[in-house]
Each structure stands twice: as structure tokens, then as C-alpha cells.
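A.B. asks: kindly return the folded structure for what I paste below:
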Amino acid sequence: MNFVSMLRRAALSTFSCGVLVLGLASSPQAQSCQLNSPSGKIKHVVYIEFDNVHFTRDNPNVPSDLEQMPNLLNFLQDKGTLDAGDHTVLISHTANGILTTQTGLYSDDTSIFVANSFGLFTSTGDAVFPSSFFYWTDKVEDIQPPTDTDANYALTTPQGQNVPAPWVPFTRAGCTVGAFSTANIVLERTPFDVIKVFGAGSPQAMESTSTAVKPNQTDDFEGAAIHCALNDPICGSNANAVADVLPDEPGGYNGYQALFGLKYIAPALGGITDYHGVPITGFQSLSFDPTPAQTLAVVEDMLKAGIPVVYAYIADAHDNQAPRSLNSSTEGTFGPGEIGYVQQLADYNSAFGTFFQHLKHAGIDENNTLFIFTPDEGDHFVGVAPVPANCDGAKIKKNGEVVPDVPCTYPAANGATGIGELDLNLPLVVSNAGDATPFEIHSDDAATTYLNGQPLFNAPVVRTLEQTMASQSVFNPHTGLAESLLGNGLGRDLQGAIVDQIGQKLLHMHSEIDPDRDPTFTFFGNPNFFFQASGPATAVVGSNVGSGFAWNHGDIQPEIARTYIGIVGPGVKKLGVTKPRDFFTDHVDLRPTMMMLTGLTDDYKHDGRVITEILDQSVLPSSLKAHQNTLESLGQVYKQINAPFGDLAEDTLEISTYAITSTSAGDTIYSNLEGKIAAWTSERDGIAAQIKQMLDEAEFGGAPINEKAAKQLIDQSQDLLRFADRCVANLAKCAK
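C.D. replies: Below is the predicted model of the structure:
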């Protein structure tokens, strides 16, 4: 079980749109799926989100995760595009990583920007940390009732409404949506979500609360869902289907039904068996950590049963998923090139080979299906240098075959195991340094910090704590050196940063409707350390046996922040692998691109843009072909001023760190630089709103951009970026 599933578990107690595929059992479709794809060819959508599966190498000698899965990588390279310039949002974690790709909205438009739990100040001034893994319509007071009530939706817009659900455009078009293990669109918490969905006093509620059937609590109802189109018999003929309730959905959402849990879904699909021949009848053994052999089998069966759109999740490849995988290691987590890691990736690769082969045989392939693969975030490996130094773990032959070669090992050093994050009690470190200010943190290598009593972000007690925290160094047993907790480096090599509520707002780490969620400040720390509020004030290596962890995320380093989007299907160019410098994308761009390709629309404006660079001209509307060069330039500069890892955000991280750690008389350096960041945020928001409106009208409203107005917005954006760059180039002068 990886760290994500531990957080979840702790916080939680073929038909293709009506076309019969020969050889498959028949079930009637009352309303045919009407995807209005510009190509006219897309009949299915397969959306797979990985947990931390990497395209770039973590060790230059060791093939990356995707390189060791050639069945997937070759599919993406040969039949579509792997966009290697995608980026996460902040904080770079599973919950909001998935949410932003599902919705196309930055985290300040969903209010989930700290994950995998989010902080919340109560009326007592102390912070609590509700789980970010909940069902779509849950309210904060449902997830973790505090001492006073918080009736906001956990997923709430800046206007206070429940964020529109991602399955709605599909079901309104007659396309039933299946979901397996992916966050927030399946039930994740027992018993509350079960009681909420099935009703108090229902047999399902009684089962989920009865100690007599406790082993089935997560097995039966969590982890899988089918959101049905109107009158789809997969729900309509099933006595266990319930109303699919979305009370705030724009335009209303009445009469729709859903099935929740493998207890009901597996029989509806005729039974599910994974690619190792093991029946999948419940979810508890998967622990939100399904391997490809499990997830892809479920996706295949959903597609063949006439469910044309499927969202699914696959666990990371570097934490040991045994005994469900074929590796025989007892380690809890692996380093690059370790034999267990190589064996596990071979199992992943085999599952993808089976998946594509089975779908092809059923008439489901790149000619009629939109395939999307993306990870929620990247990772930073924490461990000693491998032995031997030239180990490669596996070798890639000229024909693309991956074969075992020289395995890497990670021997113990300085009395500690050779693999594992450095667990550190951050409040105790700060207290030992002479600052006893009480505060809470969200345990992470990016420690969102909540001062008890909820003082103003610029109060003297806050300023002192920030400076004390940023100045600490701790011994790293992996390297044998004392390392700064803030990390080192400047500019694009920035390895750590600190931002308060001024900088957080520019980074989209802010809630307009629920400011009690806003951290006092965020400490983006040295990625070798995992900060928590327990344990000693010395760095303790997490054991690499059992449930140890060695792959940190949440932070700002490139290996965490830069990811990829793999996309294949009608209307997608066959570009192979793009270079990060070709064009910039981030998580919110996936949703509008998917909507464009399927010919559907959302009931809101996305924060992202359609990635026109990877789409065939034949599927672009005339509004996107007109002034296309200017439109793409506008889209790119929009990303640089608005994305959490765009140029303006990168400059802000450096400027904010300089400001917060400054100790000038009267705190003038801090005040002046914070004032500039606030002014840039206001200016950015105004420009970004105009660009977003212009892009949305061109992408989904049929209105070509105004060339003159677009160039003016490009110029304004570039001016803003130049101001920030000049400030970074001479911080002392900028602070005056």
C-alpha cells in the first residue's frame, strides 16, 4: 500500500455506442451514445490516470517507467502524441492532480489545492485536515465534522456552488460513464458515503456499519461506479441502482441513475477477472492501488459491456504492489533499476500488451477510440547512490524489447537503510531552534503551515516562524551531509521556496469562498525530507521494508512538476514524443482538449486551453484555424502568466522566498516585494480573464479571436513577464 492509499484508508474508515461486437453478450441500449466528434469517428473514450508513472528517467542509466513499458510507449509514439511538456498544479499531489485533469479548472476554482488532505481552520483557531478523497457532492461538514459547521461543498466554486461533475456532458449525450478507482467520482469513504447515497436504514448502510460484516465495508461499495445515461438498462434494470444526485449542476440533472461498488458492478458486467486470472469481486484487496492487470481488465469489461466512456486509475510502479504483481521482493518501495522494480514494470508492460490486443480483437482501437494517459504528478527519489554506479537495471534492445541487465542496489549508509524519505518532526526542529510558536502542518515535503489562532499572514509571529523554519539544516544519512531544509538553487533550478497567502493566491492555492482553507504559509522544502508533526528532530529514514516510502511529491522540483499527456485517436496528430520546449501545457489543458475532440461542451469556462498543436487541422473548427499562429501564441503566453509552473509563478517563488527570508529594518524588503506580487496577481487575473474568454469563444463558441485584441493581450502579458524577470535579476533593487 503506497502513501496515497494509506492516507485514503486512514481518512476513509463489446458494445460501442450501441454497435454490437460479435461474440459478446447483448444488453439493449435505450439511448445511443451521441459523441459529436469533429472527426465523426470517436465512439469510445478511455481515460487512464497513473499515480506517478514516469516518462523521464530518474537515473540517466536506467530506462524510465514508460521505456520499460514499450507496449504502452510504442502505442503512444506510433499512433498519437506523447506531450512531454505537461505540468502539474500546486500542490503536486494525487487528489488535486486528478481533479484538475478531470475538470480543466485550477485548484482555486475547486478549493482543493492542498492534497491529499486539505487544511481547515476551525472556530477555535486550530487546523483540522479532512481527506481530499471524498465523493463529488460531499460537504466539508460531512467529511470531518469540526467543532463548528462548514456547509460549503468540499468541491466548491468561488461562487459557492458544487463544482460541475465531469461525467455530465457524456451522460447528457447518451454515453454512460464507468469509473474505477479514480478520485472523487467513486465512493471513497465508508460508511458515510454509503449512507448518503443509499440512504440511512438501507441494507447497504447497515452492511457498511455492521461489525458483523466489517471485512466487506470497503469491499462492496467503494472504488467503482457507473454513471448511467438516461434509460440505460445497465442501471434501469438493476434494482441496486440509485439516483445520480447533482443538486447544483448547471442546467439541472434529473432522472439519471448510477451503480456504486463492485458488489453490483461486477455481476452487471458478467463478472470480472484480472489478467492473471484472479476474479475481481471486491475492492478492499486493491486498496486504491490497482495494477494495470486489474484496472485494464475492468476497463476492457466495461467497454465490452457497452459503456463507451471509462475513467480509471493505476497505481505507481515504484512502490511494491505485490502480491498482486509478479515480482517476489519483500521491499515496500524500490529504487530505480532494482530487480523488483524491473520485474514489476515487466508485469505492467505485459498487462498493456494484453489490453490493446483484447480491445483490437473486439474492434476497439485508435481508429474509433480516444485514448488518454496521464499521471497525477511526478516524484523525487530519496536514497543513496546506486551500486554499481553504472547499473542500468534493464537494457532496451534495438527492436524495443526490454531485458534485465545489471540491477541496481542501494546499500545501507550511516546506520540507515539505503532507500527511504527522511522523516522529520518539523515543529520539534523549529522549537529546538528557539521558536515555540504552536502550528499545524499538512505532512508532506511541501508543508502547508497553519498557525494556531489564525493570525494574519504578515503578523510578526508568522514572520519570525517563517525565518526560523527556512534557516534550519539537518543531517542527511543518505549523503552524509547537513542539508538545508529549504534546499538550494535559484531561478529554474530552485529547489525550495516559501510563500505566504500573497504568493499562494498567484499560484492558485487559495479559496475565495472558504478562506479558512488558506494556509498561513507554505514551505516548499528540500525534497529529500518528509515533514511531519511526530517523531524525532533528526532525520529518520523510512524503512524500505513493509510500508516504507522513497518517492516524494507535492513540491516544486522539475522531476515532480513536469509530467506528460499521452493521447491517441481520431483527430490527434501522430507527432511521437514532443519536447518540453516545443510548447507548454499543464493539467487543466486536458479537459478542453478532450471536449473538443469528442464534440461536447462543459457548462463553464475552463482554466485550460485546447492543445491545438497536437490536433489535426481537419478537426479544428474554422474559429481555431483563423489566426491560428496568433491564437497559439496567445495560448502559450496565457500559460506563462497563469499556470502554477509558468514563468510568472516561477519568478514569484523566487521573489517570495527572498522577501520572506529577508530581515530588513521595518521589514521593508518583505513589504515592498509582497506588494509587487499582489499587484502582479491582480494584473494577471485581469489579463487572464480576457484571454480565457477569448479562447473559450473560439474553442466552443465558434467566434474567431480578434487579431488586434489578441496581440494587445500578448503584449500586456509579455510586459508583465518582463517586469517579473527584471525583479528576479536584481532583487535588491526591486525591493526598494
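A.B. asks: buried residues in stretch 379-393?
C.D. replies: Asp379, His380, Phe381, Val382, Gly383, Val384, Pro386, Cys391, Asp392, Gly393 (16 or more other CB atoms under 10 Å). Any C-beta I mention is one placed from the backbone N, CA and C, and that applies to glycine too.
A.B. asks: how about CSV for the residues you listed, with distance to Asn458 and secondary structure added?
C.D. replies: Putting the buried residues of stretch 379-393 into CSV (distance: CB to CB, whole Å; DSSP: H, G, I helix; E, B strand; the rest coil) gives the following:
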residue, distance to Asn458, secondary structure
Asp379, 34, coil
His380, 31, strand
Phe381, 36, strand
Val382, 33, coil
Gly383, 39, strand
Val384, 41, coil
Pro386, 45, coil
Cys391, 50, coil
Asp392, 51, coil
Gly393, 49, coil
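A.B. asks: closest to Asp696 out of these?
C.D. replies: Asp379 (33.6 Å; CB to CB).
A.B. asks: re earlier: out of the buried residues of stretch 379-393, who's nearest Ala95?
C.D. replies: Within those, the smallest distance to Ala95 is 15.7 Å, found for Asp379 (CB to CB).
A.B. asks: and stretch 281-294, C-alpha only, in PDB?
C.D. replies: Extracted in PDB, the C-alpha atoms of stretch 281-294 (Å, rounded to 0.1, in the frame of the first residue of the first chain):
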ATOM      1  CA  THR A 281     -15.300  -9.300  -6.800                       C
ATOM      2  CA  GLY A 282     -14.500  -6.600  -4.300                       C
ATOM      3  CA  PHE A 283     -12.300  -3.600  -3.800                       C
ATOM      4  CA  GLN A 284     -10.700  -3.900  -0.300                       C
ATOM      5  CA  SER A 285      -7.700  -6.000  -1.500                       C
ATOM      6  CA  LEU A 286      -7.000  -3.400  -4.100                       C
ATOM      7  CA  SER A 287      -6.800  -0.500  -1.600                       C
ATOM      8  CA  PHE A 288      -7.000   2.100  -4.300                       C
ATOM      9  CA  ASP A 289      -3.700   0.700  -5.600                       C
ATOM     10  CA  PRO A 290      -4.800  -1.400  -8.600                       C
ATOM     11  CA  THR A 291      -2.200  -2.600 -11.000                       C
ATOM     12  CA  PRO A 292      -2.700  -2.500 -14.800                       C
ATOM     13  CA  ALA A 293      -3.600  -6.200 -14.700                       C
ATOM     14  CA  GLN A 294      -6.600  -5.200 -12.600                       C
END
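A.B. asks: buried residues in the helix or strand hosting Asn629?
C.D. replies: Secondary structure from DSSP states H and E places Asn629 in helix 628-642. For helix 628-642, a neighbour-count test (16+ other CB under 10 Å) marks 628, 630-642 as buried.
A.B. asks: tell me the one among those nearest to Gly119.
C.D. replies: Distances from Gly119 to those, taken by CB to CB, are shortest for Asn642, at 24.2 Å.
A.B. asks: now the strands for the stretch 451-600 of the chain?
C.D. replies: Secondary structure of the stretch 451-600 of the chain (DSSP state E, counting those that start in this stretch): strands at 473-476, 481-484, 497-500, 521-524, 529-532, 540-541, 551-552, 562-568, 576-577.
A.B. asks: out of those, which is the most enclosed?
C.D. replies: strand 521-524 (a mean of 28; mean count of other CB atoms under 10 Å).
A.B. asks: any idea of the pLDDT on the spatially most central residue of the chain?
C.D. replies: When CA atoms, centre = their mean is applied to the chain, the residue found nearest the centroid is Gly97 (1.7 Å). We note a pLDDT of 96 for Gly97 in this prediction.
A.B. asks: so it is in which element?
C.D. replies: helix 94-103.
A.B. asks: other SSEs contacting that helix?
C.D. replies: Contacts defined by 3 or more CB pairs under 8 Å, 6 or more residues apart in numbering; DSSP states H and E place helix 94-103 against strand 44-50, helix 590-598.
A.B. asks: contact partners of the helix or strand just after the first one?
C.D. replies: From strand 44-50 onward toward the C-terminus, using DSSP H and E, the following helix or strand is helix 70-79. Contact with helix 70-79 is made by 55, 66-67, 82, 349-350, 352-353, 356, 366, 371, 373, 396, 400-402, 566-568, 574, 576-577, as judged by CB atoms under 8 Å, 6 or more residues apart in numbering.
A.B. asks: what is the neighbour count of Thr668?
C.D. replies: 12 (other CB atoms under 10 Å).
A.B. asks: residues contacting it?
C.D. replies: Ala735.
A.B. asks: what packs against the helix holding Asn629?
C.D. replies: helix 647-661, helix 668-700, helix 707-729.
A.B. asks: so of these, which one's packed in deepest?
C.D. replies: helix 647-661 (a mean of 23).
A.B. asks: Ala258 belongs to a strand?
C.D. replies: Yes - assessed by DSSP: H, G, I helix; E, B strand; the rest coil, Ala258 belongs to a strand.
A.B. asks: begin at 20 from now on, thanks
C.D. replies: All right, first residue 20 from here; so that's Ala277.
A.B. asks: now it. Nearest residue, chain neighbours left out?
C.D. replies: Asp263 (4.1 Å; CB to CB, 6 or more residues apart in numbering).
A.B. asks: how close does that neighbour sit to Tyr272?
C.D. replies: 7 Å (CB to CB, to the nearest Å).
A.B. asks: which one of those two is surrounded by more residues?
C.D. replies: Asp263 (27 against 18).
A.B. asks: and that one, what does it touch?
C.D. replies: With CB under 8 Å, 6+ apart, Asp263 has these contacts: Thr190, His246, Cys247, Tyr272, Tyr275, Gln276, Ala277.
A.B. asks: the fourth one contacts Ala262, correct?
C.D. replies: No - between Tyr272 and Ala262 there is no contact, the gap being 9.8 Å when judged by CB atoms under 8 Å.
A.B. asks: same list (the helices and strands packed on helix 113-122) but as a markdown table, adding mean pLDDT and mean neighbour count.
C.D. replies: Shown next, in a markdown table, are the helices and strands packed on helix 113-122 (pLDDT from 0 to 100; neighbours: other CB atoms under 10 Å):
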| stretch | mean pLDDT | mean neighbour count |
| --- | --- | --- |
| strand 63-69 | 98 | 24 |
| helix 609-617 | 98 | 23 |
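A.B. asks: and Arg208, which helix or strand is it part of?
C.D. replies: Per DSSP H and E, there is no helix or strand for Arg208.
A.B. asks: now it: how far from Pro309?
C.D. replies: For Arg208 relative to Pro309 (CB to CB), the value is 18 Å.
A.B. asks: same question for Asp519.
C.D. replies: For Asp519 relative to Pro309 (CB to CB), the value is 39 Å.
A.B. asks: just to revisit the earlier point, got the buried residues for the helix holding Gly116?
C.D. replies: Neighbour-count burial for helix 113-122 [16+ other CB under 10 Å]: Thr113, Ala114, Asn115, Gly116, Ile117, Leu118, Thr119, Thr120, Gln121, Thr122.
A.B. asks: state the next helix or strand along the chain beyond that helix.
C.D. replies: strand 139-140.
A.B. asks: what's around the closest residue to the residue nearest to the centre of the chain other than its chain neighbours, how many residues?
C.D. replies: Nearest residue to Gly116, sequence neighbours excluded (CB to CB, 6+ apart): Asp395, at 3.2 Å. Other residues near Asp395 come to 30 when the count uses other CB under 10 Å.
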